[in-house]
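>>> Kindly generate the corresponding structure for this input.
(chains A and B)
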There are 2 protein chains.
Amino acid sequence: MRFTSEQRLDDGVLEREFTLGEIPGTLWTPASAPAPLILMAHNNGLPKGESRLVARARQSAAYGYAVAAIDAPGCGDRPRSAADEQARADLRRAMQAGEPVDEIFESFIAPLVENAVPEWRTTLDALLSLPEIGGPVGYSGWTAVGIRLAVVEPRIAAAGFFAGGYVPRAQREEARQVTIPLLFLLQWDDEGNPRQRALDLFDAFGSKEKTLHANLGGHTGTPWFEVEDGNRFFARHLK
Amino acid sequence: MRFTSEQRLDDGVLEREFTLGEIPGTLWTPASAPAPLILMAHNNGLPKGESRLVARARQSAAYGYAVAAIDAPGCGDRPRSAADEQARADLRRAMQAGEPVDEIFESFIAPLVENAVPEWRTTLDALLSLPEIGGPVGYSGWTAVGIRLAVVEPRIAAAGFFAGGYVPRAQREEARQVTIPLLFLLQWDDEGNPRQRALDLFDAFGSKEKTLHANLGGHTGTPWFEVEDGNRFFARHLK
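Just a heads-up that it's a prediction; the model follows:
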């Protein structure tokens, strides 16, 4: 893990860009160390530099967590395969035409998830070797990657999922195998995310402790207090 | 309003029983005054002395709210009409026989709600004349009474509803007229409360700011952190 830049934010949080082999990442660490770690990812592989993710990461770091984000293969500035480019073009065309997009999402998102999870695990190994990062580890954001990680990665102790992205069939099926405490965040009127499908997914998780938070409004309308609720959720489980 | 007993709790909260005409009530006030007020009621008219309500009230008072509960007509130790007694007997019989109970609940709960609301308003007048109580006013608990109060009583600024009781047709219809900020609390596997009906009610409220919290488990399984979430919800709206 090689740090390539750093800046100190007003609230004492240190924000550093890093590379780990081919993986580009950002690490936010609070003034107090060692801190519990939260892995943070956007649904559908949006870039780690996207402003809403950065705002959430900074706020959680100011609260006392180390937070890490990476651009997984095909995400952010990383090279896309020809198949990826084709799927994105198909998706735009289908959405403009008002056609069903589930099968396009399936062909596009399922491989992104499969390829992202090993890199998140590699990143986790490297992060946990840093003295400023302690355990345990939480996960926040991209639902499909979080399901897969929660199933294969015993170091993930609790997760907050945002129900606003496409969840491939494989992850919908393995949701029952997720048993860690969950906070599941839903926007009630999310244009691109059928409400009933999100409620069915919440129902499917195998966790004994799971909480759904739903707020009125569209995809990007999540109220800011949900970031604070998320911090407190992790405070109950990352001890 | 006549105070008939008082006890000082460990955390500085003063717990007082009162009577106001025929209305018996309990008032919890925090050490710091004046405090914003929360009216707290159990679904279906359970007694104000019920241990779960008392625990919630004490915790919210320790957090900094004045909290009041009353036994409305036909609730707690107050006299029941012959029709009430008959409805309760019918309800027990129907539940034991596994028969539908909606119409019995309707005949039983609808008048309880109609009769409770004027007494809550009388109580509110009296409470707001006390120097240790300031505005604004929140409401917590019994959904049906809270819907009616939110529609007719402009002093109610925010409400937390527990989706675990029967909501009469009249209140399901006037839910659209509720426009104050809402926190709606649902137990995902509540035996006596059809989940879809609760989700439909959440959908129906006219409020622009409304949040659903759902937790795994049955009617009495609400996790304790929801009391704290409720306190923070009121902190955002009772300023």
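
>>> and the longest helix along chain A, what does it pack onto?
In chain A, taking DSSP state H as the definition, the longest helix is helix A:102-128. In terms of contacts (3 or more Cβ pairs under 8 Å, 6 or more residues apart in numbering or on different chains; DSSP states H and E), helix A:102-128 is packed against strand A:14-20, strand A:23-29, strand A:35-41, strand A:66-70, helix A:82-96, strand A:133-142, helix A:143-152, helix A:169-174. Backbone N, C-alpha and C define where each C-beta goes, glycine included.

>>> could those go into JSON lines alongside distance to chain B and mean neighbour count?
Shown next, in JSON lines, are the helices and strands packed on helix A:102-128 (distance: least, Cβ to the nearest Cβ, whole Å; neighbours: other Cβ atoms under 10 Å in any protein chain shown):
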{"stretch": "strand A:14-20", "distance to chain B": "28", "mean neighbour count": "17"}
{"stretch": "strand A:23-29", "distance to chain B": "24", "mean neighbour count": "22"}
{"stretch": "strand A:35-41", "distance to chain B": "18", "mean neighbour count": "26"}
{"stretch": "strand A:66-70", "distance to chain B": "22", "mean neighbour count": "27"}
{"stretch": "helix A:82-96", "distance to chain B": "26", "mean neighbour count": "13"}
{"stretch": "strand A:133-142", "distance to chain B": "16", "mean neighbour count": "23"}
{"stretch": "helix A:143-152", "distance to chain B": "16", "mean neighbour count": "25"}
{"stretch": "helix A:169-174", "distance to chain B": "18", "mean neighbour count": "15"}
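
>>> want to throw the ones you listed into a markdown table with mean pLDDT?
Listed next are these as a markdown table, based on pLDDT from 0 to 100:
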| stretch | mean pLDDT |
| --- | --- |
| strand A:14-20 | 98 |
| strand A:23-29 | 97 |
| strand A:35-41 | 97 |
| strand A:66-70 | 98 |
| helix A:82-96 | 90 |
| strand A:133-142 | 94 |
| helix A:143-152 | 98 |
| helix A:169-174 | 97 |
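
>>> on that earlier part again, where does the longest helix of chain A sit relative to the chain's centre, distance-wise?
Between the centre of helix A:102-128 and the centre of its chain there are 10 Å (Cα atoms, centre = their mean, to the nearest Å).

>>> for the worst-scoring helix or strand of chain A on mean pLDDT, packing partners?
Least confident helix or strand of chain A, by mean pLDDT, DSSP states H and E, is helix A:82-96 with a mean of 90. In terms of contacts (3+ Cβ pairs under 8 Å, 6+ apart), helix A:82-96 is packed against helix A:102-128.

>>> quick one: residue A:152 from residue A:172, how far?
Residue A:152 sits 16 Å away from residue A:172, going by Cβ to Cβ, to the nearest Å.

>>> ignore the last one, residue A:79
Distance from residue A:79 to residue A:172, by Cβ to Cβ: 29 Å.

>>> quick check, the helix or strand containing residue A:158 touching chain B?
Following DSSP states H and E, one finds residue A:158 within strand A:156-162. No: for strand A:156-162, no contact with chain B is found by Cβ under 8 Å from any Cβ of the partner chain; the gap never falls below 13.1 Å.

>>> So what are the sheet partners of that strand and their directions?
strand A:133-142 (parallel), strand A:182-187 (parallel) (DSSP bridges).

>>> So for the residue located most distally from the centre of chain A, what pLDDT did the model give?
The centre of chain A is farthest from one residue, residue A:97, which by Cα atoms, centre = their mean lies 29.5 Å away. The confidence metric pLDDT takes the value 94 at residue A:97.

>>> need the contact list for it.
Under the criterion of Cβ atoms under 8 Å, 6 or more residues apart in numbering or on different chains, residue A:97 has no contact partners.

>>> so what's the backbone phi/psi at it?
phi -80, psi 0 (degrees, to the nearest 10).

>>> Can you check what angle separates the least confident helix or strand of chain A from helix A:102-128?
Interaxial angle of helix A:82-96 relative to helix A:102-128 (axes from the mean of the first three to the mean of the last three Cα atoms, to 10 degrees): 130 degrees.

>>> Export helix A:82-96 to PDB, keeping only CA atoms.
Output in PDB follows, covering the C-alpha atoms of helix A:82-96 (Å, rounded to 0.1, in the frame of the first residue of the first chain):
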ATOM      1  CA  ALA A  82     -15.600  -3.800 -24.200                       C
ATOM      2  CA  ALA A  83     -18.500  -5.800 -22.700                       C
ATOM      3  CA  ASP A  84     -18.900  -3.200 -20.000                       C
ATOM      4  CA  GLU A  85     -18.900  -0.400 -22.500                       C
ATOM      5  CA  GLN A  86     -21.500  -2.300 -24.500                       C
ATOM      6  CA  ALA A  87     -23.700  -2.900 -21.500                       C
ATOM      7  CA  ARG A  88     -23.600   0.800 -20.500                       C
ATOM      8  CA  ALA A  89     -24.600   1.800 -24.000                       C
ATOM      9  CA  ASP A  90     -27.400  -0.800 -24.000                       C
ATOM     10  CA  LEU A  91     -28.600   0.500 -20.600                       C
ATOM     11  CA  ARG A  92     -28.800   4.100 -21.700                       C
ATOM     12  CA  ARG A  93     -30.700   3.100 -24.900                       C
ATOM     13  CA  ALA A  94     -33.100   0.900 -23.000                       C
ATOM     14  CA  MET A  95     -33.800   3.500 -20.300                       C
ATOM     15  CA  GLN A  96     -34.400   6.200 -22.900                       C
END
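
>>> quick one: which of the helices and strands packed on helix A:102-128 is nearest residue B:9?
strand A:35-41 (34.3 Å; Cβ to Cβ).
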